[in-house]
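**Student:** Model the following, please.
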Amino acid sequence: MRSQNGVPPSAEGIAEAARKAGGKGPPPVHKWNPPFCGDLDMRIARDGTWFYLGTPIGRMGLVKLFSSILRKDGEDYFLVTPVEKVGITVEDAPFVAVDFEAEGAGPDQVLTFRTHVDDHAVAGPDHPIRVERDPETGEPAPYVLVRANLEALIDRKSFYRLVDLGTHHDGWFGLWSSGRFFPLIPSEDLPD
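**Tutor:** Predicted coordinates:
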């Protein structure tokens, strides 16, 4: 696909537009409605590694810049600037929660997650935690909502730490954060 000026979209062009649109705080990608300019050969792997033309993007500053203009519409992911919107591939979730802090206990507990691109999300009504279980293996895949339709896969070490904080409530084993209980697994499914 070609952009409106007939030139295929490029990562360099998107990055430059993102820099120009940037300012204090995250860019307002939810307000931008530019024309769709095609798909970019960019992919975010399940482990959070960003690839361009099959090669990992090694500059974290560039990854952070791209992540700041990421948007999910329906089931599709896009990099969006005021003048361009390009599709990219996301294998699972676009972010990985690599750490968290816990303060308080029980219903007063507050869990604050940090992603590999330094986004922070306080789990609660606006940033729920959810768990998908593989139907064949039963293996859990935990997620936390980071920002508008964009989730982070909670990494294994953080998930094990979360399980240590878990408790039983209304027939479920789960976590409290910001006054809300997030069920992880039915209590009856836990081994004795």
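
**Student:** I'd like the next helix or strand past the lowest-mean-pLDDT helix or strand in the chain.
**Tutor:** Each helix and strand of the chain was given a mean pLDDT (mean pLDDT, DSSP states H and E); the minimum falls on helix 11-21 at a mean of 66. For helix 11-21, the succeeding helix or strand toward the C-terminus, using DSSP states H and E, is strand 36-44.

**Student:** which neighbours does that next one have in its sheet, and in what orientation?
**Tutor:** strand 50-52 (antiparallel), strand 85-90 (parallel) (DSSP bridges).

**Student:** contacting residues for residue 50?
**Tutor:** Contact analysis of residue 50 by Cβ atoms under 8 Å, 6 or more residues apart in numbering lists 42, 43, 44, 56, 57, 63, 66, 67. For the C-beta atoms, the positions are set from N, CA and C on the backbone; glycine is no exception.

**Student:** does the first one really touch residue 90, like I thought?
**Tutor:** Think residue 42. No. With contact defined as Cβ atoms under 8 Å, residue 42 does not reach residue 90; the gap is 9.5 Å.

**Student:** if we can go back for a sec, looking at the strands paired with strand 36-44, which is closest to residue 118?
**Tutor:** strand 50-52 (14.3 Å; Cβ to Cβ).

**Student:** average pLDDT across the helix or strand just after the closest one?
**Tutor:** Following strand 50-52 in sequence order, the next helix or strand is strand 55-56 (DSSP H and E). Strand 55-56 shows a mean pLDDT of 96.

**Student:** how far out from the middle of the chain is the helix or strand following strand 55-56?
**Tutor:** The element immediately downstream of strand 55-56 (helix or strand, assigned by DSSP H and E) is helix 60-68. In this view, helix 60-68 has its centroid 13 Å away from the chain centroid, taken as Cα atoms, centre = their mean, to the nearest Å.

**Student:** Packing partners of helix 60-68?
**Tutor:** With contacts defined as 3 or more Cβ pairs under 8 Å, 6 or more residues apart in numbering; DSSP states H and E, helix 60-68 has these neighbours: helix 11-21, strand 50-52.

**Student:** average pLDDT across it?
**Tutor:** 93.

**Student:** buried stuff in that helix?
**Tutor:** Residues 62, 63, 65, 66, 67, 68 are the ones in helix 60-68 that count as buried (16 or more other Cβ atoms under 10 Å).

**Student:** What sits closest to residue 73 if chain neighbours are left out?
**Tutor:** Spatial nearest neighbour of residue 73, chain neighbours left out: residue 149 (7.9 Å); criterion: Cβ to Cβ, 6 or more residues apart in numbering.

**Student:** neighbours around that neighbour, how many?
**Tutor:** 15 (other Cβ atoms under 10 Å).

**Student:** Could you pull up phi and psi at it?
**Tutor:** phi 70, psi 10 (degrees, to the nearest 10).

**Student:** Can you check what pLDDT the model gives it?
**Tutor:** pLDDT for residue 149: 92.

**Student:** now swap in the one 4 residues further on and tell me
**Tutor:** Reading off the per-residue confidence, residue 153 sits at a pLDDT of 98.

**Student:** I appreciate the help and will end here.
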